[in-house]
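Enquirer: okay, sequence plus prediction incoming.
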Amino acid sequence: MKYRISALLSLAVLGLSAQVAQYSFTLKEAQDFAVENAYDPRIQKLEIEKTRKLIMETASAGLPQVNATGNFQKYLEIPTTLIPAEAFGGPAGEYLPVQFGLEYTAGAQFNVNQLIFDGSYIVALVATKVLRENAELGFERSTIQSRELIAQTYHAILVSERLEGVLQDNIETLRESLEQNRKLLKEGFLEEQDVDQLELLVTDIEINLDYTRRLAKVSRYLLNVQLGIPVESEINLEDDIEQLITLTVDGESLLTEQFDPEQNVEYRSLETNERGALLNIRNEQMSYLPKVNGFLTLAQNYQNNDPEFWQDANSNRWFPNYFIGANVSIPIFTGLRRSARVSQAKIDLDKVEVAKEQLEGNLKVEYQRVKAQFEFNLSNLNTRRRNAEIANKILNNTLIKYREGLASSLELTQTQNQYLDALRQYVNAAQQALDSRAAMERVLGKYNLN
């Protein structure tokens, strides 16, 4: 029985160690997943929750504030008071020392304070909406950044793996040719230089293939981090690079969409700051108004030479002290400090308005830059694709001629390098076009939450 339990435990441990979290995403699904699970959006969600608690704290200032206090003390020496002796028939100008009080005193007090009017509190309640909007905009800003980063990394992985596949196919073909040439060299049908030239080409492609594999692996690690999942997790990318390229080429309709700066999260953030600056002016203006607070106090005081005050709860040793009232604070003159603070708040509002104008201009420039880049990348993608197809056609023809002895190894190397260079330019152009589309979607507000 002992051995059976040990065996089962061993199998369970092996099973757990072999389990690696696996995910499968299209690009859209990966972006949606990041909104809920990526690290920065999660931090921003906590910031929203913190803001809710801050709003509760602000609102609580207008609710009744209740507290209770208690005390107990024993006089080691009852305080002495001097009274005029002539009050008791003594000579004028002399004083008699008299001790008033009992050895033990105790007290219990119950206080209720209620804010009746405070202009700053009213403004603070309105300002909590601005705080909440700022926190929500921070979350939206992080999700927009996550979506674009996810798209860029997703594209990079697909491009690297596409290049890896092409290099793998090419190197297998060249390895076969290299083995055949080595046999022909042994039989004396080829010169050693031709074989060496082809071997150099194979080695160069092997190096490029190894680098491409490593780059794709690192990009996958990066995607895991951006998604907020363990680095060692495995992800199946459901979208194909050619499908995304087709969607990108078909996405020329993005170029005709109307650009609205007010949809930008940064612009909306400044609008929120503008409302906050207006509220700050109102808050400073409220300092001219009085503040009113009400209060209620219920107190009981105990005095006796017996320390057991709890046994005299119903005796005449407990003396009540009940009162209710209000206090009013009226600002009259503060040396022009309030006027200066209102003026500063108005200047802050003017600064926000200037910043809005500046941001609107910058956003329009950014839109034109991203649009021009997208247009160029689409055109460049089509050109690079045609070049890669032509280079591949030339390579295939040269490879046939080489096998038939009609082309030299140098010609094969040159056409192979030409094809690899055209291929790299094509995949780079593809990634640039894909990333440009993601940038266009961001600028046009496609990644916004609302």
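Expert: Ah, there it is.

Enquirer: surely Val195 and Arg182 touch.
Expert: Yes: using CB atoms under 8 Å, Val195 is in contact with Arg182, at 6.0 Å. Quick note: C-beta positions are derived from backbone N, CA and C, even for glycine.

Enquirer: pick out whichever of those two has more residues nearby.
Expert: Taking other CB atoms under 10 Å, Val195 and Arg182 do not tie; Val195 has more neighbours (20 against 15).

Enquirer: strands of the protein, start to end?
Expert: All strands of the chain, identified by DSSP state E, fall at 22-25, 65-74, 80-84, 95-99, 104-117, 234-237, 291-304, 318-329.

Enquirer: would you list these in CSV and tack on mean pLDDT, distance to Leu399 and mean neighbour count?
Expert: Listed next are these as CSV, based on pLDDT from 0 to 100; distance: least, CB to CB, whole Å; neighbours: other CB atoms under 10 Å:
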stretch, mean pLDDT, distance to Leu399, mean neighbour count
strand 22-25, 92, 38, 14
strand 65-74, 92, 88, 10
strand 80-84, 85, 119, 12
strand 95-99, 83, 120, 11
strand 104-117, 91, 88, 15
strand 234-237, 94, 31, 14
strand 291-304, 89, 90, 16
strand 318-329, 90, 93, 10
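
Enquirer: turn those into CSV, columns for distance to Leu46.
Expert: Output for the strands of the chain, formatted as CSV (distance: least, CB to CB, whole Å):
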stretch, distance to Leu46
strand 22-25, 24
strand 65-74, 29
strand 80-84, 61
strand 95-99, 62
strand 104-117, 30
strand 234-237, 26
strand 291-304, 35
strand 318-329, 38
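
Enquirer: which among those strands is found nearest to Asp350?
Expert: strand 291-304 (29.1 Å; CB to CB).

Enquirer: ok, that closest one: who's next to it in the sheet?
Expert: Taking DSSP bridges as the criterion, strand 291-304 forms sheet pairs with strand 104-117 (antiparallel), strand 318-329 (antiparallel).

Enquirer: so that strand versus strand 65-74, what angle?
Expert: Computed by axes from the mean of the first three to the mean of the last three CA atoms, to 10 degrees, the angle separating strand 291-304 from strand 65-74 equals 30 degrees.

Enquirer: returning to what we had before: got the strands paired with strand 291-304 as JSON lines, with distance to Asp306 columns?
Expert: Formatted as JSON lines, the strands paired with strand 291-304 follow (distance: least, CB to CB, whole Å):
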{"stretch": "strand 104-117", "distance to Asp306": "7"}
{"stretch": "strand 318-329", "distance to Asp306": "13"}
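
Enquirer: about what we covered before: and of the strands of the chain, who's closest to Leu381?
Expert: That would be strand 234-237 among the strands of the chain, by CB to CB, at 20.1 Å.

Enquirer: contacts for that closest one, please.
Expert: Strand 234-237 is contacted by residues 20-25, 30, 154, 157-158, 220, 223-224, 227 when judged by CB atoms under 8 Å, 6 or more residues apart in numbering.

Enquirer: 7 Å - rerun?
Expert: Applying CB atoms under 7 Å, 6 or more residues apart in numbering, the contact partners of strand 234-237 are 20, 22-25, 154, 157-158, 220, 223-224.

Enquirer: for that strand, which strands pair with it and how are they oriented?
Expert: Short version: by DSSP bridges, strand 234-237 pairs with strand 22-25 (parallel).

Enquirer: give me the neighbour count for the nearest residue to Leu201 once chain neighbours are set aside.
Expert: Among residues not flanking Leu201 along the chain, Thr413 sits closest, at 4.9 Å (CB to CB, 6 or more residues apart in numbering). Around Thr413 there are 18 other residues, counting by other CB under 10 Å.

Enquirer: from memory Thr413 sits against Glu199, does it?
Expert: No: counting by CB atoms under 7 Å, Thr413 sits too far from Glu199 to count as a contact (10.4 Å).

Enquirer: Ser94 contacts Leu82, doesn't it?
Expert: Wrong residue type there; residue 94 is Glu, not Ser. No: counting by CB under 7 Å, Glu94 does not reach Leu82; the two are 9.6 Å apart.

Enquirer: per-residue confidence at Arg175?
Expert: Model confidence at Arg175, given as pLDDT, is 83.

Enquirer: what separates the closest residue in space to it that isn't next to it in sequence from Ile324, distance-wise?
Expert: Setting aside the residues directly before and after it, Arg175 is nearest to Val202 in space (CB to CB, 6+ apart), at 6.1 Å. Counting by CB to CB, to the nearest Å, the gap from Val202 to Ile324 is 97 Å.

Enquirer: for the stretch 101-250 of the chain, just list every one of the helices.
Expert: 119-186, 192-227, 241-250 (DSSP state H, counting those that start in this stretch).

Enquirer: in terms of mean pLDDT, which of the ones you listed ranks lowest?
Expert: Comparing mean pLDDT across the helices of the stretch 101-250 of the chain, the weakest is helix 241-250, with a mean of 83.

Enquirer: sort out which residues of it are buried, please.
Expert: By 16 or more other CB atoms under 10 Å, the buried positions in helix 241-250 come out as 241, 244-245, 248.

Enquirer: kindly reformat the residues you listed as TSV and extend each row with distance to Arg175.
Expert: TSV is the format used below for the buried residues of helix 241-250 (distance: CB to CB, whole Å):
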residue	distance to Arg175
Ile241	25
Leu244	31
Ile245	29
Thr248	34
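
Enquirer: contacts only, for the nearest residue to Ala156 once chain neighbours are set aside.
Expert: Spatial nearest neighbour of Ala156, excluding adjacent residues (CB to CB, 6+ apart): Ser219 at 4.8 Å. Residues near Ser219 by CB under 7 Å, 6+ apart: 153, 156-157, 160.

Enquirer: of those residues, grab the buried ones for ChimeraX.
Expert: The ChimeraX selection below is limited to those of the contacts of Ser219 classed as buried (16+ other CB under 10 Å):
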select :153,156,157,160
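
Enquirer: can you list the contacts of Ser219 in JSON lines and add distance to Leu395?
Expert: Output for those, formatted as JSON lines (distance: CB to CB, whole Å):
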{"residue": "Thr153", "distance to Leu395": "31"}
{"residue": "Ala156", "distance to Leu395": "26"}
{"residue": "Ile157", "distance to Leu395": "26"}
{"residue": "Ser160", "distance to Leu395": "21"}
